[in-house]
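Asker: predicted model and sequence below, questions to follow.
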Amino acid sequence: MTIHDTRGMDTAADAILRIEDVTKTYGPVRALRGVSLEIRRGTIHGLLGENGAGKSTLVGIISGQNTPSSGRILMDGRPLDHVDVKAMEEAGVFLVTQEPMIIDNMTAAENLMLGIWPTQGGFVDWRKLRADAARMLAGSGIDGAALAGRLDAVARRKLNILRAMFSGGRVIILDEPTAALTVADRRVLFDFMRRLKAEGVTFIFISHYNDEILEICDAVSVLRDGNLAGGSENVAALSSEQLTELVLGRGLELFQRSRRDHAGKTPAVRLRAVVGTNLSIDALDIAPGEILGFTGLPGAGAKELARAIFGLHPAGGTIWLGGREGPLPANPRAAFDAGIAYLSDDRRKDGAVGQMSIGDNIALSSLPSRSRAGFIDRKAEASVVARYFGAMGVKAPSPDYAVDTLSGGNQQKVCLGRVLATNPRLLIVDEPTRGIDVGVKQDVLRIIDELSDTGVSVIIVSTDTDELVRAADRVCVFDHGSIKETLTGEDISVERLRASVQA
Ligand SMILES: Nc1ncnc2c1ncn2[C@@H]1O[C@H](COP(=O)(O)OP(=O)(O)OP(=O)(O)O)[C@@H](O)[C@H]1O
């Protein structure tokens, strides 16, 4: 494989979109450095790179949300003299973000027509519009009359793609569109993309998962430190290892925990009679130093139990932890005081505080434990910050930088560092490596592994089966609020887990 593999590429003429020598600087940060690439018409083009490599910045520019510091964009061979969201949408380029912009109390068909409603006075052929909307929804499996609030995650994502197309989209940008989708939903979304591709739609697809890239992309471009580091027009010829090497510029040793058998040990955590909304668990023990995986379909109980233990999901029942037995924590404060730390999968809601520095964010949650005697131990704080800033490989010039200047994946690393810095007895992490690149994912799994060696019990809530196989000693598969199967040892495999979750 060559770094710029152009096999299968016809001529520059079939490029629907061309980016020429695009640079973007934020003060001293050079997010993009003279990037040039072409997207061929009717292909699915993967955009890859480590956290902070410049992917979001680039798609921000392509979709008109960010202005480039220099460089130009060409659509159908013609340079665009003005690049903002309106101009790019008129040219047919739409960014579909992770949060679906859908109005719940309107029907699917009405949502489809949202951007097209006249804001003032203009004439619109509503009948034709409605008929077009119905036709477009016909092959999608979405009922146009259904309230959008009733649609599941994959239908909402499809609806957003359709809406972009309905508004004239020819190049649709999807930024990590499979986040929070089940394996089955992912398949449905990919089939849908293939169908639209056959109709001539072009996709730009951002993902950190090699299996997704290899399955769905025709071509890839790789960014590294704001430079175009390489790419291929023939993804089918690549292996997962080659893809990783292209992204990281080096080979990668994938982490694998040497699983421990904790049977017969005195538990560090005992849960009894946990009953709440969609939740009913008779008994669950966790050993000191054990890494326990929770998985299942959405709503099956994995996330609910984790949140109940941290006082975020109302439930009755008892917990025995640190030699004390009591009711499940009523709120996160009580959970924290009992020595429980929790990383939410909803970074936007429970995540980092954007305007504060990286260092202050890391120190935030552990502040109470370092200020108990009435003063804040600044030296301890500085060492905690330095440790986790370094260990997590946060990509920023220093911990003094504001969190909202970081890329999404780097914000996630800060959140994780903050939780780890609290020195918990029981650590609960929900989708700890979502949005994190393949290299850092190994580091995160390694850090959790090392933490467990100090006796901390860990619960990993995850839909990423690969992550569970690499990190967990035991995996509980949830169904209808209960644990339907518990896997240990060699039984923890991607195939077994997928089969058990879907069964
Ligand atoms: N508003 C901003 N101010 C300062 N720096 C910024 C700003 N936005 C982005 N950056 C920097 O630009 C670089 C590229 O970030 P970008 O979000 O494009 O990365 P990414 O490849 O999308 O990463 P991820 O996989 O983590 O989402 C990073 O170093 C980031 O810190």
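Answerer: Received, thanks. Worth saying up front: this structure is predicted, and the values here are computed from it rather than measured. Numbering: from 1, shown residues only.
Asker: where does the stretch 101-250 of the chain have low pLDDT?
Answerer: 115-124 (pLDDT under 70).
Asker: what about the strands in it?
Answerer: In the stretch 101-250 of the chain, the segments counted as strands under DSSP state E, counting those that start in this stretch are 171-175, 202-206, 219-224, 227-232.
Asker: so which bits of the stretch 251-400 of the chain are right by the ligand?
Answerer: When proximity is defined as CB under 6 Å from any ligand atom, the stretch 251-400 of the chain approaches the ligand at residue 395. Backbone N, C-alpha and C define where each C-beta goes, glycine included.
Asker: can you list the weak-confidence ranges in the stretch 251-400 of the chain?
Answerer: Using pLDDT under 70, the stretch 251-400 of the chain drops low at 347-355, 364-381.
Asker: what strand or helix carries residue 428?
Answerer: Following DSSP states H and E, one finds residue 428 within strand 426-430.
Asker: how long is stretch 317-326 from one end to the other?
Answerer: 9 Å (CA to CA, to the nearest Å).
Asker: any idea how far it is from the chain center?
Answerer: Distance of stretch 317-326 from its chain centroid, counting by CA atoms, centre = their mean, to the nearest Å, is 33 Å.
Asker: can you tell me the closest non-neighbouring residue to residue 270?
Answerer: residue 320 (3.9 Å; CB to CB, 6 or more residues apart in numbering).
Asker: nope, residue 213 is what I meant
Answerer: Spatial nearest neighbour of residue 213, chain neighbours left out: residue 46 (4.8 Å); criterion: CB to CB, 6+ apart.
Asker: and the one you found, how many neighbours?
Answerer: Counted with other CB atoms under 10 Å, residues neighbouring residue 46 total 24.
Asker: what pLDDT does it get?
Answerer: Residue 46 is assigned a predicted lDDT (pLDDT) of 97.
Asker: residues in contact with it?
Answerer: 205-207, 213, 216-217, 219-221, 235 (CB atoms under 8 Å, 6 or more residues apart in numbering).
Asker: how about residue 107, nearest residue that isn't a chain neighbour?
Answerer: residue 145 (5.5 Å).
Asker: how about the contacts made by that neighbour?
Answerer: 107-109.
Asker: turn those into TSV, including distance to residue 469 and neighbour count.
Answerer: Output for the contacts of residue 145, formatted as TSV (distance: CB to CB, whole Å; neighbours: other CB atoms under 10 Å):
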residue	distance to residue 469	neighbour count
107	42	19
108	37	25
109	42	21
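Asker: how about the particular helix or strand that has residue 273 in it: buried residues?
Answerer: Taking DSSP H and E as the definition, one finds residue 273 inside strand 269-276. Buried residues in strand 269-276, counted by 16 or more other CB atoms under 10 Å: 269, 271, 274, 276.
Asker: closest one of these to the ligand?
Answerer: residue 269 (32.8 Å; CB to the nearest ligand atom).
Asker: can I assume the residue nearest to residue 213 sits in a strand?
Answerer: Yes - secondary structure of residue 46 (DSSP: H, G, I helix; E, B strand; the rest coil): part of a strand.
Asker: bridging residues for it?
Answerer: residue 205, residue 220 (DSSP bridges).
Asker: that older thread, which SSE is immediately downstream of the strand holding residue 273?
Answerer: strand 279-286.
Asker: quick one: the nearest residue to residue 204 once chain neighbours are set aside from the ligand, how far?
Answerer: Ranked by CB to CB, 6+ apart and with sequence neighbours excluded, the top spatial neighbour of residue 204 is residue 173, at 4.4 Å. For residue 173, the distance to the ligand equals 12 Å [CB to the nearest ligand atom, to the nearest Å].
Asker: what's the burial count for residue 173?
Answerer: Residue 173, neighbours per other CB under 10 Å, totals 26.
Asker: dump the residue contacts of it.
Answerer: 59, 62-63, 93-96, 203-204, 206.
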